[in-house]
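*Asks:* Structure for this input, please:
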Amino acid sequence: MVLRKIVNINESLCNGCGACIPKCAEGALQIVNGKARIIKETYCDGLGACLGQCPQGAITVTEREAEPFNEAEVHEHLKNKAKPTPTGAHASFVPQQHQWPVKLNLVPIKAPFFEGANLLFAADCAPVALKSFYDFMSGKRIIIGCPKFDDARAYAQKLTEIFKQNDIRSVAVAHMEVPCCMGLKWAVNKALEISGKQIPVKEYEITIGGEIVEL
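*Replies:* Next up is the predicted model:
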């Protein structure tokens, strides 16, 4: 242990938006149980490239006893992160790992992963109900929600700001085959109306049998 500068995260302020993750070139930060955390002290160089990315002001640099920064460990850590996963049911999920979080209530309004994105707004039941969901989401940025338990009007407000502040290329809406889930499509339509953006939208319905149909 040495006395050195290291990133400190105030968990009472952190809302798990994940905006800090892409700016940590060493891969020291991850979202764990809804909060940003340093996964290993030796990965954090203490320079604070993530500081200005936190909209909640939850990140500071402090001086304390910590394990020394280890560049060799960081290199190995990043090399392992870059390795492709074996082929299988979840192989297509890998390109989405650097986007976090995915729940609409938690995603930042302005984020690098939204720029030029083909956006998928899906019911949070979709990954379980649709057998081929991970193939369907390939090449898209994903946000999920449930209008039955959340406020669809709040969804529309959040989407409005996302559409205004990012260059979204297209939107796909994937809702379940139940009336309450139609609030996802309503929120997208309302957000496009308010934002004044002309973004192509495709609508998909996931059936009770686990199939997907374009409407």
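
*Asks:* show me what contacts Arg169?
*Replies:* 116-119, 199 (C-beta atoms under 8 Å, 6 or more residues apart in numbering). Backbone N, C-alpha and C define where each C-beta goes, glycine included.

*Asks:* Surely His77 is within a helix?
*Replies:* Yes: assigned with DSSP: H, G, I helix; E, B strand; the rest coil, His77 falls within a helix.

*Asks:* residues near it, how many?
*Replies:* 18 (other C-beta atoms under 10 Å).

*Asks:* mind checking how far it is from Asn166?
*Replies:* 30 Å (C-beta to C-beta, to the nearest Å).

*Asks:* now do Gly46
*Replies:* 31 Å.

*Asks:* Between these two, tell me which one has more neighbours.
*Replies:* Neighbour count, other C-beta under 10 Å: between Gly46 and Asn166, Asn166 has more, with 21 against 16.

*Asks:* Go ahead and confirm the more buried one touches Ala117.
*Replies:* Yes: using C-beta atoms under 8 Å, Asn166 is in contact with Ala117, at 7.3 Å.

*Asks:* what stretches of the protein score poorly on pLDDT?
*Replies:* Scanning the chain with the threshold set as pLDDT under 70 gives 81-98.

*Asks:* how about the strands in it?
*Replies:* Under the criterion DSSP state E, strands of the chain are mapped to 2-9, 29-32, 35-38, 59-66, 118-123, 141-145, 170-176, 201-206, 212-214.

*Asks:* In JSON lines: those, plus distance to Lys23 and mean neighbour count.
*Replies:* Converted to JSON lines, the strands of the chain look like this (distance: least, C-beta to C-beta, whole Å; neighbours: other C-beta atoms under 10 Å):
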{"stretch": "strand 2-9", "distance to Lys23": "11", "mean neighbour count": "16"}
{"stretch": "strand 29-32", "distance to Lys23": "9", "mean neighbour count": "17"}
{"stretch": "strand 35-38", "distance to Lys23": "11", "mean neighbour count": "19"}
{"stretch": "strand 59-66", "distance to Lys23": "10", "mean neighbour count": "14"}
{"stretch": "strand 118-123", "distance to Lys23": "22", "mean neighbour count": "23"}
{"stretch": "strand 141-145", "distance to Lys23": "18", "mean neighbour count": "23"}
{"stretch": "strand 170-176", "distance to Lys23": "26", "mean neighbour count": "22"}
{"stretch": "strand 201-206", "distance to Lys23": "31", "mean neighbour count": "18"}
{"stretch": "strand 212-214", "distance to Lys23": "35", "mean neighbour count": "12"}
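
*Asks:* Report the beta-bridge partners for Asn8.
*Replies:* Assessed by DSSP bridges, Asn8 has beta-bridge partners Thr60.

*Asks:* got the contact list for it?
*Replies:* Counting by C-beta under 8 Å, 6+ apart, Asn8 has contacts 59-62, 64.
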